[in-house]
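Enquirer: Predicted structure and sequence below. I'll ask about it afterward.
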Amino acid sequence: MKPLTAIIIGAGDRGVRAYAPFAQNYPNELKIIGVAEPNMERRTKLQQTHNISKEFCFESWEEVFNQERKVADIAIICTLDRNHFKPTMKALEQGYHVLLEKPMSPDPLECIAMEQAAKKYNRKLTICHVLRYTEFWATIKKVISSGEIGEVVSLQLNENVEVMHMSHSFVRGNWNNKEKSSPMILQKSCHDMDIISFVIGKECKRVSSYGSLMHFREENAPIGAPKRCLDGCPVEHECPYHAGRYYLGEGKGWAKKFTEDYTNEGIIKALNETPYGKCVYRSDNNVVDHQVVNMEFEGGATATFSMCGFTREQTRIVQIMGTKGEIRGNMEENKLSIFDFLTKHETIIKFDNPIGGHGGGDNGIMRTFLREVRNGSKEGDVSSASASVRSHLMAFAAEESRLKQGQSINIDDYYASLAADSTSYVN
């Protein structure tokens, strides 16, 4: 069996660190034979790592699809959020199967159009909702499906973003401004909308939401704080977000995401030139730093989701309450507790340390996607685009509700109002 071939479109962090390494670890399953990336250093690095011919090294995704023939079996698209739609549509049209980084798009019409295009061209379109592919969430799904805790009545999920991850990615970083990327509930938490729907196994019918940007605002800047942390901040030793102290200390690993030079000199240079050196109170960020979502599912089950940037650890904590028992879990601890109401017996499941990012989900989605490409796409596949669109619409509806002061949004009505408008994107 020959390995499937893929081209990476967007050689940033996710493309290079999350998905491309699968080809190195399992060369019998996947071979990276092309790259499209405007940044020469990133493009060259991926080319050298995977021994890619210069013929298949492109500066833009447009060059890929201007070729006389398909370059590969698969397009792995990891561009920034607002650059997902056009290359995905072109790839599907030209016969590529597509693995697309989440979120699909900041535009709900584009999300639906991509789903429709995948059906039209009979191509596999998988969105990187990697949590589904972890042992942690797959086990929860299996326990619920078995009936062990009875019928799910309510689910509570907390996403602890972790305070420095919040400041790095969503205050200073690529996803700090919803007009340039996506709203927080879509960019960070479409994972959570998806995994809640996945384990409950029923369609969400209504959502409402509240949240705001409460802290990382200019009016909260310390007196005398400069625009950049290294320009002599008077509260350098009192502010937990000081860029120099963090990126040259415990957060040095995060510096790899914004500079190729990991020396102290290289990091200092980047902090003076990139947004990562800005004061967190004087950035152009506008995404929320906390948000809650209430959901009602088919049959009456409810779910509550809380995302907060002000936590000491980065994890997801879940509690699922059924008619016969309860599940509790913490992803950081990689442990589940299953309690039986009748016997009062508690089963503790402790998983081995996962291999790969997102609790093993990055490896899991690659293996599942490749298997589904070989076997043919089915609507019931764990990674079907239709399921991803539905969970994306939950996030879009939650954001609309938040902006409308918590007004309840009916998902079916919301989908119907969009579906007709999206057809012009495909036809």
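Expert: Structure received.
Enquirer: use CA for all of it now, contacts and neighbours both
Expert: OK.
Enquirer: distance of the residue nearest to Ile52 when sequence neighbours are not counted from Gln47?
Expert: With Cα to Cα, 6 or more residues apart in numbering as the criterion, Ile52 has its nearest non-adjacent residue at 5.3 Å, and that residue is Ile33. Computed as Cα to Cα, to the nearest Å, the Ile33 to Gln47 distance reads 9 Å.
Enquirer: who touches both of those two?
Expert: Here Ile33 and Gln47 have Ser53 as joint contacts, going by Cα atoms under 8 Å, 6 or more residues apart in numbering.
Enquirer: Give me the nearest residue to Asp261, chain neighbours excluded.
Expert: Residue nearest to Asp261 in three dimensions, not counting chain neighbours: Ile267, with 6.7 Å by Cα to Cα, 6+ apart.
Enquirer: how does this structure divide up, domain by domain?
Expert: 4-127, 131-215+286-357+382-423, 218-277 (the TED database).
Enquirer: so what secondary structure elements neighbour the longest helix belonging to the chain?
Expert: Once the chain is assigned using DSSP state H, the helix that runs over the most residues is helix 385-403. Taking 3 or more Cα pairs under 8 Å, 6 or more residues apart in numbering; DSSP states H and E as the contact definition, the neighbouring helices and strands of helix 385-403 are helix 108-120, strand 125-127, helix 184-187, helix 190-200, strand 204-212, strand 409-410, helix 411-426.
Enquirer: Can you say which of the ones you listed is packed in most?
Expert: When those are scored by mean count of other Cα atoms under 10 Å, the highest mean neighbour count falls to strand 125-127 (a mean of 27).
Enquirer: Need the residues that contact the helix or strand hosting the residue nearest to Asp261.
Expert: Assigned by DSSP states H and E, Ile267 belongs to helix 264-273. Contacting residues not belonging to helix 264-273 are listed as 228, 230, 243-244, 247-248, 255, 258-261, 276-278 [Cα under 8 Å, 6+ apart].
Enquirer: returning to that earlier point: quick one: which of the helices and strands packed on helix 385-403 is nearest Trp137?
Expert: In this view, those are compared for proximity to Trp137 by Cα to Cα, and helix 190-200 is the closest at 7.7 Å.
Enquirer: Using PDB, write out every CA atom in the closest one.
Expert: Taking Å, rounded to 0.1, in the frame of the first residue of the first chain, the C-alpha atoms of helix 190-200 are listed here in PDB:
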ATOM      1  CA  CYS A 190     -15.400  25.900  18.600                       C
ATOM      2  CA  HIS A 191     -13.500  22.800  19.900                       C
ATOM      3  CA  ASP A 192     -15.800  22.900  22.900                       C
ATOM      4  CA  MET A 193     -19.000  23.500  21.000                       C
ATOM      5  CA  ASP A 194     -18.000  20.500  18.900                       C
ATOM      6  CA  ILE A 195     -17.000  18.100  21.800                       C
ATOM      7  CA  ILE A 196     -20.200  18.900  23.800                       C
ATOM      8  CA  SER A 197     -22.300  18.000  20.800                       C
ATOM      9  CA  PHE A 198     -20.200  15.000  20.000                       C
ATOM     10  CA  VAL A 199     -20.500  13.300  23.500                       C
ATOM     11  CA  ILE A 200     -24.200  14.200  24.000                       C
END
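Enquirer: Show me what it packs onto, helices and strands only.
Expert: Counting by 3+ Cα pairs under 8 Å, 6+ apart, the packing neighbours recorded for helix 190-200 are helix 135-146, strand 152-160, helix 385-403.
Enquirer: now with 7 Å?
Expert: With contacts defined as 3 or more Cα pairs under 7 Å, 6 or more residues apart in numbering; DSSP states H and E, the packing partners of helix 190-200 are helix 385-403.
Enquirer: which outside residues touch the helix it packs on?
Expert: Residues lying outside helix 385-403 but in contact with it, judged by Cα atoms under 7 Å, 6 or more residues apart in numbering, are 108, 111-112, 115, 125-127, 185-186, 190, 193-194, 207-211, 293, 407-409, 411.
Enquirer: what do you get for stretch 171-189?
Expert: Contact partners of stretch 171-189, identified using Cα under 7 Å, 6+ apart, comprise 81-82, 103, 106, 169-170, 275-276, 278, 280, 283-288, 395-396, 399.
Enquirer: number of nearby residues for Arg25?
Expert: Check again: residue 25 is Asn, not Arg. The number of residues packed near Asn25 is 11, by other Cα atoms under 10 Å.
Enquirer: who touches it in this structure?
Expert: By Cα under 7 Å, 6+ apart, the contact list for Asn25 is empty.
Enquirer: what about stretch 167-180, distance to the chain center?
Expert: Shown here is stretch 167-180, whose average C-alpha point lies 14 Å from the average C-alpha point of the whole chain (Cα atoms, centre = their mean, to the nearest Å).
Enquirer: next one: stretch 104-121
Expert: Chain-centre distance of stretch 104-121: 17 Å, with Cα atoms, centre = their mean.
Enquirer: likewise stretch 167-184?
Expert: Offset of stretch 167-184 from its chain centre (Cα atoms, centre = their mean): 13 Å.
Enquirer: how about it: buried residues?
Expert: When neighbours are counted by 16 or more other Cα atoms under 10 Å, the buried residues of stretch 167-184 are found to be 167-178, 181-184.
Enquirer: taking those one by one, which sit in helices?
Expert: When DSSP H is applied, the buried residues of stretch 167-184 are split such that Met184 fall in helices.
Enquirer: could the helices and strands packed on helix 385-403 be laid out in JSON lines, adding mean pLDDT and distance to Gly364?
Expert: Listed next are the helices and strands packed on helix 385-403 as JSON lines, based on pLDDT from 0 to 100; distance: least, Cα to Cα, whole Å:
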{"stretch": "helix 108-120", "mean pLDDT": "92", "distance to Gly364": "22"}
{"stretch": "strand 125-127", "mean pLDDT": "93", "distance to Gly364": "13"}
{"stretch": "helix 184-187", "mean pLDDT": "93", "distance to Gly364": "21"}
{"stretch": "helix 190-200", "mean pLDDT": "94", "distance to Gly364": "15"}
{"stretch": "strand 204-212", "mean pLDDT": "97", "distance to Gly364": "26"}
{"stretch": "strand 409-410", "mean pLDDT": "95", "distance to Gly364": "33"}
{"stretch": "helix 411-426", "mean pLDDT": "75", "distance to Gly364": "29"}
